[in-house]
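[1] need the 3D shape of this:
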Amino acid sequence: MANGDELAFTTCELYSFLTSRRFLSALALVFVILVATDPPLFQESLPILERAAFWLVTIIFYVVLLLAGLAGVKLYNLRRDDKAIVLPFISVPVLCITALLAVGFGVSAFGAHAPEASVTRAPIILATSLVASQCFEFVIAKWIFVEHLRESRSVSEGTHIEPLLVTSGGSIPLSSILYLEAREHYVDIVQVDRLVTVRSTLSALTNQLPADAGFRVHRSFWVAKSSLQSAQNSAAFKDVRVSGGRSIPVARSRQKDFRDWYQENFR
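    Numbers count the residues shown, from 1 in each chain. You can find the predicted model right below:
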């Protein structure tokens, strides 16, 4: 992630990490380090309580803006693939906005400490803050977050928790799903015994499911691995038949990938 690697994770896994003791401990350590140093924004040294207040609000600004950036990335699909989120592309503008908010907060809250007027120091301050934030995010994304995912997923596998598809109408067990069909702003979730229609995008739903749970054979169709009965026209893999007898087309651009996936999982 932070160094260009891609890591697939769900929104629930991200929320679990942001509320975990591991992440909060990392933030607390950064906060202690920051409070031990004077903000370079001011000419005079701030008392320790004022430093703590300044850095606390700055961290809150940063976390809120970073979460907003992540939400925007998820909403508009500005990602390298369907699931990976690359933090540095978000954190650079977030850091700049946070710096502006910190300046405004600092000037209004600590007016007696005039901001540093030297223009030549501004690039140094910004560059230092940028490098520090990127180092922090690199450590978070490369080690702390990865370790959290590894532990949480191992626990899930050990307890055999069935994946659920979370929708506005409730949670649906993966084992009951035959296929998903997108229709404009809605998606039909076709199950063994019923049909549920929700207002969503197909990508938003399939991103919640494990990569090996099924295959998106068409921009409008995702089929569950457990429901596949056969692949028609096996030489080209143009169609796939699911439980219940429905034949679903495979997009031409996806036929090769689907053939490889099908042969890997069923032969």
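
[2] any weak-confidence spans in the stretch 151-267 of the chain?
    153-162, 169, 232-236, 267 (pLDDT under 70).

[3] so where do the helices sit in it?
    For the stretch 151-267 of the chain, applying DSSP state H, counting those that start in this stretch gives helices covering 202-206, 255-266.

[4] so what secondary structure elements neighbour the shortest one?
    The elements that helix 202-206 packs onto, with contact taken as 3 or more CB pairs under 8 Å, 6 or more residues apart in numbering; DSSP states H and E, are strand 177-183, strand 186-191, strand 214-218, strand 221-224. Using the backbone N, CA and C atoms, a C-beta is placed for each residue, glycine as well.

[5] what lies in contact with it?
    Residues from elsewhere that reach helix 202-206 (CB atoms under 8 Å, 6 or more residues apart in numbering): 77, 82, 165, 167, 180, 182, 187, 189, 198, 214, 216, 219-220, 222.

[6] which parts of stretch 182-190 are buried?
    Buried residues in stretch 182-190, counted by 16 or more other CB atoms under 10 Å: 182, 187-190.

[7] among the contacts of helix 202-206, which ones are buried?
    165, 167, 180, 182, 187, 189, 198, 214, 216, 220, 222.

[8] returning to what we had before: can you add distance to Ile144 and give the buried residues of stretch 182-190 back as JSON lines?
    Shown next, in JSON lines, are the buried residues of stretch 182-190 (distance: CB to CB, whole Å):
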{"residue": "Ala182", "distance to Ile144": "36"}
{"residue": "Val187", "distance to Ile144": "34"}
{"residue": "Asp188", "distance to Ile144": "39"}
{"residue": "Ile189", "distance to Ile144": "35"}
{"residue": "Val190", "distance to Ile144": "40"}
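
[9] and which of the residues you listed is nearest Ala36?
    Comparing the buried residues of stretch 182-190 against Ala36 with CB to CB places Val187 closest, at 51.3 Å.

[10] thinking the closest one is in contact with Thr197, fair?
    Yes. The pair Val187 / Thr197 is scored as a contact, 7.2 Å apart, by CB atoms under 8 Å.
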